[in-house]
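# next input, structure requested:
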Amino acid sequence: MKTIFQSGYAPGGGITSATTQYWQPNCPPTTQTTTESICQHRVRTPGTFSNLQIRLSSNTVSTGNSTFRSRKNGANGGQTITIPQSTTGLFEDTTGTDAVVDGDLVCVQMVAGTGAMLITQFTQLFDATTNTVTKLSCNHVALSATSGNYYFPPGVDGINQTEAQAKTQN
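Next comes the predicted model:
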């Protein structure tokens, strides 16, 4: 059974012109960084990633195309989407896949053309080779504070400033 593994939504998730950026699985498009090692997710369940999708609401790239690709263990993976200048909408790689095993490191890379894009969503499917998979994840967020504790509830894109706000019940 295929399930959505990686999904993000952030109205106005922008990119930096003419740079290479990376996203961690399960993080919204506003959490990109230029350092791949920060965004690599360690796979614990064998399976296959497929159907990488990117949705753009705006694209003013005027020089070069923009390329999104899966990354596995620091190298290009099997999924690629090339987005031409000034085009918007939903883009999907329907043929590429990435088979993964326990210990593999995965993320999504974008090599941007010159200009701006607003990414509103990206998704990837995961087909586990076992039927006993549970995946909890949380958004990585850059914090700027001189003191204090921040709590990240499992499976939620966001932070809380008190432990009570972050508690979950099973």
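
# helix, strand, or coil at residue 37?
helix (DSSP: H, G, I helix; E, B strand; the rest coil).

# residue contacts, residue 63?
18, 85, 113-115 (CB atoms under 8 Å, 6 or more residues apart in numbering). C-betas here are computed from N, CA, C, even on glycine.

# who wins on neighbours among these?
Most neighbours among those, by other CB atoms under 10 Å: residue 113, with 22 neighbours.

# now that one. Nearest residue, chain neighbours left out?
Once flanking residues are discounted, residue 113 sits nearest to residue 64: 3.5 Å by CB to CB, 6 or more residues apart in numbering.

# report the separation between that neighbour and residue 114.
Distance of residue 64 to residue 114, given as CB to CB, to the nearest Å: 6 Å.

# again, but for residue 76
Residue 76 is 22 Å from residue 114, by CB to CB.

# ok, residue 81 next?
Distance from residue 81 to residue 114, by CB to CB: 18 Å.

# quickly list what's touching both of residue 64 and residue 114.
Counting by CB under 8 Å, 6+ apart, the residues touching both residue 64 and residue 114 are residue 18.

# surely residue 22 touches residue 106?
No - counting by CB atoms under 8 Å, residue 22 does not reach residue 106; the two are 10.6 Å apart.

# higher neighbour count, these two?
Higher neighbour count among residue 22 and residue 106: residue 106, with 23 against 19, using other CB under 10 Å.

# beta partners of the more buried one?
residue 41, residue 72 (DSSP bridges).

# my read is that it contacts residue 71, right?
Yes - shown here, residue 106 and residue 71 form a contact pair, counting by CB under 8 Å, at 6.5 Å.

# break this protein into its domains for me.
2-129, 136-170 (automatic domain parsing).
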